[in-house]
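Visitor: the amino acid sequence is not available; the structure is as follows:
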C-alpha cells in the first residue's frame, strides 16, 4: 500500500457531531498533506437505529465544512460500494472463510447464559470476557447443533498467550494480552456482521493505509489487529486522537451545548472558523498562529504534532475565531450569508424594493466589526426594518425629566431638519459628515443629553452603533419620523422658552 488512504466511517444513527467531524477533518488533512485519498464510508448495518436522514446530515455537514471525500456513496470509486448494507456478500464470504479455516466458530450460548456469566465475573471482580466452550467444537458437531439450537452467533477464536504489540503514531507502542480479549463476536448471522468484523473487512478491502480515530477505539484495536492477521490483510498504521472535552474536562456532550455540526451552522458559525477551531482541538502548527485556512491546515498538518491529552472545547475561543473570520469575509458575500437572519423582515420570494441589496450591505457593514455569530445580526438590526418599540423610560438620560428629554429631541429634530434642507440635491451625507455638522449646530453642553435620546429614538435599544452611522443608513426623512414618534412618548405638549 504505497498510496496514503484514510477514511471516516460514521454510523447514520445520529446527526454528525463535533467529535466525528474533527476525526474526519484530521483524516482529510493527513490524506491531502500526503497526496493521498480520503474515503467516506457509511456503516449502516445497525438497521434498527440507522436512518437516511442521519446519512443525509452527515454528507451535508461534511460538504458544508468543505471536507470533500474522494470516494463516498455519492462520489463512487474503485473500492465501492461505500455503504455496509451494500457489502453483505463481501462480509459473508470472509466469514465463511474464517469458519472454514477454524479461525471463527459458532457460539450457541443463550443471551441469558451470557448475562449470568457476566454477572458472575463482575461479582468476582474478574475481567468480563467470554472464553467460549464451543471454540474447539468439531465442525460436524457444530453443524448438527445449528440444526438443533434456535440461535447462534459467530465468534472469533482468539489465540491465547499472545502479546499484541503495535505502534500508535500519536501514543507510541501499545501492548495488549490476548487472554484479556476473550472470544469476541463477529456476526449475529453469516449475513449480519458486527462492528469489529465489518470495519476490518472494509478497511482491508479498501486498502486503508492509516486508521485515524478517537482514543475511545483503542480497546477495539487489538481485536481488529488479530482479525486483520487472520484475514491476511496488511496491517494499517494506527493513530488514536485525544478526546474532545467540555469545560469541566468531562467528555463533550449535549449538556455542554450544541454538538451537532449543522446546529453550529444554524447558530451562525462559518465553516472556515469551525474547521480552524476543530483543527486546534488536539493539534497545533508548532508556532503561535491560530487562524489558518483549510489550505494552510493541509500544508502544515502532521500527526507528530497531535497531542495525547484531551482537548477542551472552549466556546469563547470559537466565538472569537468566528468573529475574526466574519471580519475577513468580503461584504457582498457576508451580506448573502446573513440573509437567513433577516427572514422575518424580508420576503425572499419576490424582489423587495424597500430593502435593496445596497441597504442590506450597509447594515451588514455596520455590524461586521462587532459580530461573533451571523445569528446576532437579526436581533441587533431589526430597527432598520421596522419602527422600534420601547418604553419611554429608555429615552431618559441620567435623571432628566420628560420635559428635558422632549427638549433634547426637539433640538435634534431641528438640526436634522436643517441638514436635510441644506443637503437637498447634493446626495447623501456620510456618518462622519453628519456628525461634524450636527456637533457644529448643537454647540456646547452635555452631548449625552441629546445623543442618548436620539439614539434610542432611532433604535429602541440600550446598546447599538452610534446615531450618525444609523442615520446614514435610515436616511434623514425616516430619522425625523422616529424623532417625532419619540417626542410623542414624552407626553409633553409644549415647552416654555
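Guide: Yep, that arrived. None of these values were measured; they are calculated from a predicted model.
Visitor: just for this protein, where's the confidence low?
Guide: In the predicted model, the chain carries pLDDT under 70 at residues 1, 254, 256-257, 347-354, 425, 493-497.
Visitor: the strands in it, which residues?
Guide: Ranges of strands within the chain are 5-8, 37-40, 104-107, 153-156, 163-168, 172-177, 185-189, 192-193, 210-214, 237-241, 244-245, 311-312, based on DSSP state E.
Visitor: please identify the deepest-packed of those.
Guide: Here the criterion is mean neighbour count by mean count of other Cβ atoms under 10 Å, and of the strands of the chain the winner is strand 5-8, at a mean of 26. All C-beta spots, glycine's among them, are computed from the backbone N, C-alpha and C.
Visitor: which elements pack onto it?
Guide: Strand 5-8 sits against helix 18-33, strand 37-40, strand 210-214, with contacts defined as 3 or more Cβ pairs under 8 Å, 6 or more residues apart in numbering; DSSP states H and E.
Visitor: out of these, flag the one nearest residue 367.
Guide: For residue 367, the closest of the helices and strands packed on strand 5-8 is helix 18-33, at 26.9 Å, according to Cβ to Cβ.
Visitor: okay, the angle between that closest one and strand 237-241?
Guide: Interaxial angle of helix 18-33 relative to strand 237-241 (axes from the mean of the first three to the mean of the last three Cα atoms, to 10 degrees): 140 degrees.
Visitor: centre of the chain to helix 18-33, how far?
Guide: 13 Å (Cα atoms, centre = their mean, to the nearest Å).
Visitor: check stretch 138-155 too.
Guide: 47 Å.
Visitor: so which bits of it are buried?
Guide: Applying a neighbour-count criterion of 16 or more other Cβ atoms under 10 Å, the buried positions in stretch 138-155 are 142, 152-155.
Visitor: end to end, how far does that stretch reach?
Guide: End-to-end distance for stretch 138-155, by Cα to Cα, to the nearest Å: 15 Å.
Visitor: repeat that for stretch 180-198.
Guide: End-to-end span of stretch 180-198 (Cα to Cα): 22 Å.
Visitor: residues in contact with it?
Guide: Outside stretch 180-198, the residues that touch it by Cβ atoms under 8 Å, 6 or more residues apart in numbering are 43, 45, 84, 87-88, 91-92, 94-96, 98, 104-105, 107, 127, 129-132, 135, 153-158, 201, 220, 222-224, 226-227.
Visitor: repeat for stretch 141-159
Guide: For stretch 141-159, contacts defined as Cβ under 8 Å, 6+ apart pick out 95, 98-99, 102-108, 110, 130-132, 134-135, 137, 178, 181-190, 197, 223, 226-227, 230.
Visitor: next step: these restricted to helices.
Guide: In helices, judged by DSSP state H, the following of the contacts of stretch 141-159 are found: 95, 98-99, 197, 223, 226-227, 230.
Visitor: farthest pair within these?
Guide: 99 and 223, at 17.4 Å, using Cβ to Cβ across these.
Visitor: pick out whichever of these two has more residues nearby.
Guide: Set side by side, residue 99 and residue 223 show more neighbours around residue 223, with 22 against 19, by other Cβ atoms under 10 Å.
Visitor: residues in contact with the more buried one?
Guide: Residue 223 sits in contact with 156, 158, 181, 184, 196, where contact means Cβ under 8 Å, 6+ apart.
Visitor: give me the number of residues near residue 327?
Guide: With other Cβ under 10 Å as criterion, residue 327 counts 12.
Visitor: surely it and residue 369 touch.
Guide: Yes. Residue 327 lies in contact with residue 369 (Cβ atoms under 8 Å); the separation is 6.5 Å.
Visitor: so what touches stretch 269-280?
Guide: Identification of contacts with stretch 269-280 by Cβ under 8 Å, 6+ apart yields 18, 21-22, 25-26, 29, 64-67, 261, 264-265, 290-294, 297, 301, 311, 317-318, 321-322, 324-326, 329, 337, 373-374.
Visitor: stretch 291-303 too?
Guide: Against stretch 291-303 from outside (Cβ under 8 Å, 6+ apart): 26, 29-30, 32-33, 66, 169-170, 212, 239, 272, 275-276, 279, 283, 285-286, 321, 324-325.
Visitor: follow-up on the earlier one: make JSON lines from the contacts of residue 223 and add distance to residue 466 to it.
Guide: Below are the contacts of residue 223 laid out as JSON lines (distance: Cβ to Cβ, whole Å):
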{"residue": "156", "distance to residue 466": "71"}
{"residue": "158", "distance to residue 466": "72"}
{"residue": "181", "distance to residue 466": "68"}
{"residue": "184", "distance to residue 466": "67"}
{"residue": "196", "distance to residue 466": "63"}
